[in-house]
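>>> Pasting the sequence and the predicted model now:
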Amino acid sequence: MSTRTQNPAAPATARFRTTTTAVTAAALGALLVPSLATDAEAAAVSARALRVAASKQGSPYQWGATGPYRFDCSGLTLYAFKRVGKRLPRTAAAQYNHTRHIRASQRHRGDLVFFHSRGHVYHVGIYAGRNRIWHSPKTGAVVRLERIWSNSVWYGRVR
């Protein structure tokens, strides 16, 4: 039997040191690799924008509309990101030019999905995961979740 007494505060102190070390390492990592912090921040903002877009499910399509009750495709993305503090240009093509272009293998929920034909962007939605997007598709339709139906897509991350 040990006669040594244990300090009851030791476990809390050890947890504090571990937490402090982890926070310091994360902060130092962000300083050493700024893109990690930027990507993490962008992912958090994009996830919030995705939730805003999803909350507009069932809102009717209207050409040129930017919400809050009717949307066209780029109007929905503009509205969703504006609600989380990010500015986007008005059209799908201008939004593509405003984003950081990424490969399909790098896409995350909340990234923008741009549909193109012959090098021209004609439609945009917000990536929802599992090869699906939230978008406002066309006249007579409503904001909805739908599978990506084309291979002619590019991806962009809002900065």
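Noted; the coordinates are in hand. Numbers count the residues shown, from 1 in each chain.

>>> Strands of this structure, start to end?
100-102, 112-117, 120-129, 132-135, 144-147, 153-157 (DSSP state E).

>>> Dump these into CSV; add mean pLDDT as well.
Shown next, in CSV, are these (pLDDT from 0 to 100):
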stretch, mean pLDDT
strand 100-102, 97
strand 112-117, 98
strand 120-129, 98
strand 132-135, 98
strand 144-147, 98
strand 153-157, 97
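
>>> what's the closest of the ones you listed to residue 66?
strand 120-129 (12.9 Å; CB to CB). To be clear about C-beta, it is placed using only N, CA and C from the backbone, and glycine gets the same treatment.

>>> Report the angle between that closest one and strand 112-117.
Calculated by axes from the mean of the first three to the mean of the last three CA atoms, to 10 degrees, strand 120-129 forms an angle of 140 degrees with strand 112-117.

>>> pLDDT below threshold where in the chain?
Within the chain, the ranges that satisfy pLDDT under 70 run 1-37.

>>> swap the cut-off to 90 and go again
Residues of the chain that meet the criterion pLDDT under 90 lie in 1-43, 159.

>>> that older thread, can you tell me which of the strands of the chain is most buried?
Among the strands of the chain, strand 132-135 has the highest mean neighbour count (mean count of other CB atoms under 10 Å), at a mean of 24.

>>> Show me what that strand packs onto, helices and strands only.
Contact here means 3 or more CB pairs under 8 Å, 6 or more residues apart in numbering; DSSP states H and E; on that basis strand 132-135 packs against helix 34-55, helix 73-83, strand 120-129, strand 144-147.

>>> neighbouring strands for it, and are they parallel or not?
In the sheet, strand 132-135 lines up against strand 120-129 (antiparallel), strand 144-147 (antiparallel) (DSSP bridges).
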